[in-house]
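> A structural model of the following input is requested.
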Amino acid sequence: MKKSIYLFVLLMLCGISVTALAQDSTMVASQDTVAATSEISIEPKLVKFEDLFSASKVIAIILVLLFTFLFNRLLVFLLTRLAENQPSYRLVIKRIIPFINVGLWTVTVFFVISGIIDPPIETVLTVGASIGLAIGFASQDILKNIFGGFIIILDSPFQVGDKIEVGDMYGEVTEIGLRSTRIVTPDDSLITLPNADIVNNAVSNSNTGALYCQVVASIYLPINVNIDEMKEVAYKAAISSRYVYMNKPVVVIVENKIVDRAFVIQLKVKAYVLDIRYEFLLKSEITELILSEINRRKIVQKANAENVESK
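Below you'll find the predicted structure:
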């Protein structure tokens, strides 16, 4: 009887030991499987940069970029022609062009990377970080201009078609790019201004998005002319111009100046031009009309004769 009990207890202990060993081996195997799975999932799927490109991909990228360039040029050309044929919407249409340029090239770059090259995300992050560091150190000035271009487009201190003054440069904005802004001066010279310089300097905007802007024409006259008569002449000259915008007031201001140690009268005529493209034509026509009326009435000759008689 005792031998049977001892044998039963011994068999139970052996069974418990075998079960424990089996559980331990199962846990170890499962841990190894989890570790292997973790190692597999953690292992980055990096691809060599040169393996991402093939002859067909390079040709496709070139064709997409060429198509985008030609389509962008055609679209800008058509919008520019439309703006010139629609004077009332000219500035609105021209202000859309910079946003179209940025949006079109952004979509193109995204399509090339995700649709044609199609690299793993790990490769994109690795290559992007490397390229970003290289570009950051090598082209800081270019990046400043690009960030300045984004600031100009988003903040809109001026837009295409505005007349601005930056430093001693004055002209109409014809293009706002990512690197530079182009203006046309009154002498019909095309000036390219880096965007970083524009952002870091004060900018004077003559029309701030409006189609019209104020024009000031100045006439210098002897001190003893009839001021009331001259103000009447100047006002009529301004409202008679074909370029004046009659929905805005015309103001004539008289100031006393010293020129070559002599007192003179400066007559300032402030009027608004109906289109900023005719700014200097309005200024010239007002000056011509005033001088013609002065000569016709002989206003200066009478003032000089009165001056001689008083002496």
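> quick one, longest strand in this structure?
Using DSSP state E, we find that the single longest strand of the chain is strand 262-273.
> what score does the residue nearest to residue 246 when sequence neighbours are not counted have for pLDDT?
Leaving aside its sequence neighbours, residue 246 sits nearest to residue 239 (Cβ to Cβ, 6 or more residues apart in numbering; 7.0 Å). Yep, even glycine has a C-beta here, placed from its N, CA and C like the rest. If you check residue 239, the pLDDT there is 93.
> show me what contacts residue 239?
Listed by Cβ atoms under 8 Å, 6 or more residues apart in numbering, the contact set of residue 239 reads 246, 250, 271.
> which element is it on?
Using DSSP states H and E, residue 239 maps to helix 227-240.
> export the next helix or strand after that helix as PDB, just CAs?
Counting by DSSP H and E, the next helix or strand C-terminal to helix 227-240 is strand 251-259. C-alpha atoms of strand 251-259 as PDB (Å, rounded to 0.1, in the frame of the first residue of the first chain):
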ATOM      1  CA  VAL A 251      -7.500 119.400 -54.600                       C
ATOM      2  CA  VAL A 252      -5.200 122.400 -55.300                       C
ATOM      3  CA  ILE A 253      -2.700 123.400 -52.600                       C
ATOM      4  CA  VAL A 254      -0.500 126.500 -52.500                       C
ATOM      5  CA  GLU A 255       2.900 126.500 -50.600                       C
ATOM      6  CA  ASN A 256       5.600 129.100 -50.200                       C
ATOM      7  CA  LYS A 257       9.000 127.900 -51.200                       C
ATOM      8  CA  ILE A 258      12.500 129.300 -51.400                       C
ATOM      9  CA  VAL A 259      14.300 128.500 -54.700                       C
END
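> note down every partner strand of strand 251-259 and its orientation.
strand 262-273 (antiparallel) (DSSP bridges).
> quick one: the helix holding residue 239 to strand 251-259, angle?
Between helix 227-240 and strand 251-259, the angle comes out at 120 degrees (axes from the mean of the first three to the mean of the last three Cα atoms, to 10 degrees).
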